[in-house]
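A.B. asks: based on what follows, work out the 3D shape:
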Amino acid sequence: MEDPSNVTEFVLLGILQGWKIQRMAFGFFLMLYIMTILGNMLIVVTVNFSGYLISPMYFFLSYLSFVDVCYSSTTTPKMMTDLFIEKKTISFHGCMIQLFAVHFFGCTEIFLLTVMAYDRYVAICRPLHYTVIMSRSKCRMLVLILWVGAFLHSIIQTLLTIQLPFCGPNVIDHYFCDVHPLLKLACSDTYAVGLMVVANSGMISLIAFFCLVISYSIILFSLRTQSAEGRRKALSTCGSHVVAVLLFFVPCIYMYIRPTTTLKADKLVTLFNTVMPPMLNPLIYTLRNAEVKKAVRKLWRQTLTLKEK
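C.D. replies: Predicted coordinates:
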């Protein structure tokens, strides 16, 4: 059967218009991207090579930092490159690969944040059973499950989109390939596909967010029986997680829980979601965490000592 699509590439309108403002924006986004890569890689290296941060919380934190690097890299380099190109194009297959990657790493981050909330729940509400419930083998199993779950989510999302006929026009009013702008270009009725997108992406975000709200509500309720020092430490750790959750989940829910429509604010909201949380997560988790800062200083001193020798 002949493929009804005759579009071989898409034209991206990008995030900004005008050469002067685009060049200024390039410097700004480059700075954010460098901070994202360096900050997250610092956490990955510190957790895996310091030998000091061995609890499950830091095990998951290193994976979160790795996912943040990948998630940001799926869109930001292409977006920065396009700031210097008059006609911003992406091939059909490149577009589908980018769509898959964005949803794969985005969904992985959703699952990771949910697992990290469960880890805090067990640590605070069931401390005597913590080492048994969150053993290293179970942590690895949880990571494997969330990778598989994210893959299934993104492959479904991609297959729903790639089977649609694209006959033209091929101009995407966005800076990367996402579901809603692509559905708008399809040459067939996309109502049913749009509902499946909401059920797939929107409900995952919403259900995970409600699970997180319930987890942290139980944690806050249980803190009444803790000592003042225990409450302070728990609130400090959970406060970091809550900030990271809000920064990531609110834009996701806004984008994918509604029917298939595109709004003027979509690009700005998506830009915030793909750029800001990956950059801010290292700051959120390190500036409020004395153990991470101590491990970073210790690793830095060891590195300097090795260089001197």
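A.B. asks: any idea how far S240 is from the spatially closest residue to L280 that is not a sequence neighbour?
C.D. replies: In space, L280 comes closest to L247 once its chain neighbours are excluded; the distance is 6.3 Å by Cβ to Cβ, 6 or more residues apart in numbering. From N, CA and C alone the C-beta is placed, and that goes for glycine too. Plainly put, L247 is 11 Å away from S240 if you go by Cβ to Cβ, to the nearest Å.
A.B. asks: when those two are compared, which one has more neighbours?
C.D. replies: S240 (21 against 17; other Cβ atoms under 10 Å).
A.B. asks: give me the element that one is part of.
C.D. replies: Under the criterion of DSSP states H and E, S240 resides in helix 228-256.
A.B. asks: now the element after that helix, going C-ward?
C.D. replies: helix 266-287.
A.B. asks: buried residues, that next one. List them.
C.D. replies: Going by neighbour count (16 or more other Cβ atoms under 10 Å), the buried part of helix 266-287 is 266-267, 270-271, 273-282, 284-286.
A.B. asks: got any ranges where this protein has weak pLDDT?
C.D. replies: 1-5, 230, 237, 259-263, 287-288, 302-309 (pLDDT under 70).
A.B. asks: could you give the number of residues near V143?
C.D. replies: A total of 17 residues lie near V143 under the criterion other Cβ under 10 Å.
A.B. asks: isn't it right up against Y63?
C.D. replies: Yes. V143 is within contact range of Y63, at 6.1 Å (criterion: Cβ atoms under 8 Å).
A.B. asks: for Q98, grab phi and psi.
C.D. replies: Dihedral angles of Q98 (phi, psi; degrees, to the nearest 10) stand at phi -60, psi -40.
A.B. asks: quick one: contacts for the closest residue to T274 other than its chain neighbours?
C.D. replies: Closest residue to T274 apart from its sequence neighbours, by Cβ to Cβ, 6+ apart: T75 at 5.0 Å. Residues counted as contacts of T75 (Cβ atoms under 8 Å, 6 or more residues apart in numbering) are Q98, V102, Y175, F176, T274.
A.B. asks: please redo it, this time with the cut-off set to 10 Å
C.D. replies: 98, 101-102, 174-178, 270-271, 273-275 (Cβ atoms under 10 Å, 6 or more residues apart in numbering).
A.B. asks: now V148
C.D. replies: F111.
A.B. asks: equivalent analysis for M35, please.
C.D. replies: P278, M279, L280, P282, L283.
A.B. asks: surely the first one and V69 touch.
C.D. replies: Yes. Applying Cβ atoms under 10 Å, one finds P278 in contact with V69, separated by 7.2 Å.
A.B. asks: what is in contact with these two at once?
C.D. replies: Residues within reach of P278 and of V69 at once, by Cβ under 10 Å, 6+ apart, are Y33, T36, I37, G39, N40, F105.
A.B. asks: my guess is C177 meets K88, correct?
C.D. replies: No. In this structure, C177 is not within contact of K88 by Cβ under 10 Å, at 11.6 Å.
A.B. asks: picking that back up, what residues are shared contacts of V143 and Y63?
C.D. replies: T108, L112, V115.
A.B. asks: how many other residues sit next to the first one?
C.D. replies: The one in question is T108. Residues lying near T108 (other Cβ under 10 Å) number 24.
A.B. asks: that one and F221: what is the separation?
C.D. replies: In terms of Cβ to Cβ, T108 sits 29 Å off from F221.
A.B. asks: just to revisit the earlier point, list the buried ones in the helix holding S240?
C.D. replies: 234-235, 237-238, 240-245, 247-249, 251-256.
A.B. asks: do the same with stretch 33-44
C.D. replies: Neighbour-count burial for stretch 33-44, counted by 16+ other Cβ under 10 Å, picks out Y33, T36, I37, G39, N40, L42, I43, V44.
A.B. asks: need the residues you listed in CSV (columns: distance to Q226 and secondary structure).
C.D. replies: What follows is those, written out as CSV (distance: Cβ to Cβ, whole Å; DSSP: H, G, I helix; E, B strand; the rest coil):
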residue, distance to Q226, secondary structure
Y33, 40, helix
T36, 35, helix
I37, 38, helix
G39, 31, helix
N40, 31, helix
L42, 31, helix
I43, 27, helix
V44, 31, helix
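A.B. asks: wait, which of these is closest to Y52?
C.D. replies: Among the buried residues of stretch 33-44, I43 lies closest to Y52 (Cβ to Cβ), at 12.9 Å.
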